[in-house]
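> Could you work out the structure for the sequence below:
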Amino acid sequence: MKYMLIHHIDGAILTAEEDGETEASADEQRELIAWDAEMDARGILVGGGVLKAPRSSTTVRVRDGDVLITDGPFAETKEQIAGYSVLECSDLDEAIEVASRHPTARFGILELRPYDTEAEQSAIPDAHEAEVQALRYFLDYQRSAVLSIVEGLDEDAWHRPIVSSGWTPAGLVEHLGGAERHWFQYVVLGREDDLPWDEGLPPYDPHMALTCERPSADIVAYYREQCTRSNAVLDAVPLTAGPLGRHPGADEDQPPNVRWVVLHMIEETACHSGHLDIAREMADGSTNLGNR
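Numbering: from 1, shown residues only. Here you go, the predicted structure:
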């Protein structure tokens, strides 16, 4: 069930923060970031925002046909709305547990208000859900193209370089499985479990020709398993969530959210499926195997 978590904070605090007279401590900022990250990872936080100080608001009324505009908030109370979070929880008990762990609960008031379920069900699907469906469709499409292209390829051709750079279809499919694993498990979730598959594999080298000596059936099984794990991550983590792990490289190379990761994997999978398409044609003359 979806809940709006409304953050009520003393208006004087909000005004002082906007004037630069006070600001959240480093510990408070870390607590807020940690709460957001945890709720993103749990698939609970699906939206939210921070509002400017109450004095920046404009109140609008219409009385006897006249539009009346007043500077400031509608309610002249000590606590004012400072922000909001949109939560997707199983029930009210979970929503209360989530709200009670928000740092603001210790000095402000957090109001939980459920969405009107009937109104939601009758509403047109939102743009975010449409985006999720589109990105998942194209990612699965490119994965399917990879598997269609290599299906039925002779075992010797799996391990035979086609071009002078030395990569093989086996190495390219194994690399795609590793990319799924790296981006969705290590970068998005911040963890990567050791697998029996890792035994004997050399460390990843971006300048090394992509090869793999394992049987094609094992490589396909590994690729399918990593795609399944990636889908499980996407089922649990919203596109707007920030990654909990880190991609090797400079700060400017870090993905800002899961949406970026999905787009990158669509791009990478499409690129390498094109490579495999050419390799298959050169190996045995087969064409049009990648649903194109």
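> the bottom helix or strand of the protein by mean pLDDT?
Ranked by mean pLDDT, DSSP states H and E, the weakest helix or strand in the chain is helix 117-122, scoring a mean of 58.
> just checking, what packs against the next helix or strand after that helix?
Next along the chain after helix 117-122, taking DSSP states H and E as the criterion, comes helix 127-150. With contacts defined as 3 or more CB pairs under 8 Å, 6 or more residues apart in numbering; DSSP states H and E, the packing partners of helix 127-150 are helix 169-180, helix 216-236, helix 258-284. From N, CA and C alone the C-beta is placed, and that goes for glycine too.
> how about those, which one is nearest R63?
Closest approach to R63 among the helices and strands packed on helix 127-150 is made by helix 258-284 (44.6 Å; CB to CB).
> Return the angle between stretch directions for the closest one and helix 169-180.
Relative orientation of helix 258-284 and helix 169-180, computed by axes from the mean of the first three to the mean of the last three CA atoms, to 10 degrees: 170 degrees.
> Now Y204: closest residue in space, sequence neighbours ignored.
Of all residues not flanking Y204 in the chain, G178 sits nearest, at 7.1 Å (CB to CB, 6 or more residues apart in numbering).
> again, but for P256
Computed as CB to CB, 6+ apart, the closest residue to P256 that is not its neighbour in sequence is G242, at 6.8 Å.
> Name the SS class of that neighbour, please.
coil (DSSP: H, G, I helix; E, B strand; the rest coil).
> Same question for V46.
Following three-state DSSP, V46 is assigned to strand.
> I figured it was touching K2, is that so?
Yes: counting by CB atoms under 8 Å, V46 does reach K2; the two are 7.4 Å apart.
> Mind listing the shared neighbours of these two?
With contacts taken as CB atoms under 8 Å, 6 or more residues apart in numbering, V46 and K2 have V86, L87, E88 as neighbours in common.
> picking that back up, quick one: the residue nearest to P256 from V86, how far?
Remark: distance between G242 and V86 (CB to CB, to the nearest Å) = 16 Å.
> got any ranges where the stretch 51-200 of the chain has weak pLDDT?
53-54, 56-57, 60, 67, 72-77, 117-126 (pLDDT under 70).
> one more time with 90, if that's ok
Scanning the stretch 51-200 of the chain with the threshold set as pLDDT under 90 gives 51-87, 92-93, 95, 98-131, 162-163, 191-200.
> picking up where we left off before, filter the shared contacts of V46 and K2 down to the buried ones and express that as a ChimeraX selection.
Here is the ChimeraX command that selects the buried residues among those (16 or more other CB atoms under 10 Å):
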select :87,88
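> Out of the shared contacts of V46 and K2, list just those in helices.
Counting by DSSP state H, no part of those is found in helices.
> Can you lay out the shared contacts of V46 and K2 as TSV showing distance to G108?
TSV is the format used below for the shared contacts of V46 and K2 (distance: CB to CB, whole Å):
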residue	distance to G108
V86	18
L87	17
E88	22
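> what separates T269 from M39, distance-wise?
Look at T269 and M39: by CB to CB, they are 29 Å apart.
> helix, strand or coil for the residue nearest to A82 when sequence neighbours are not counted?
Leaving aside its chain neighbours, A82 sits nearest to I9 (4.2 Å; criterion: CB to CB, 6+ apart). Under three-state DSSP, the three-state class of I9 is strand.
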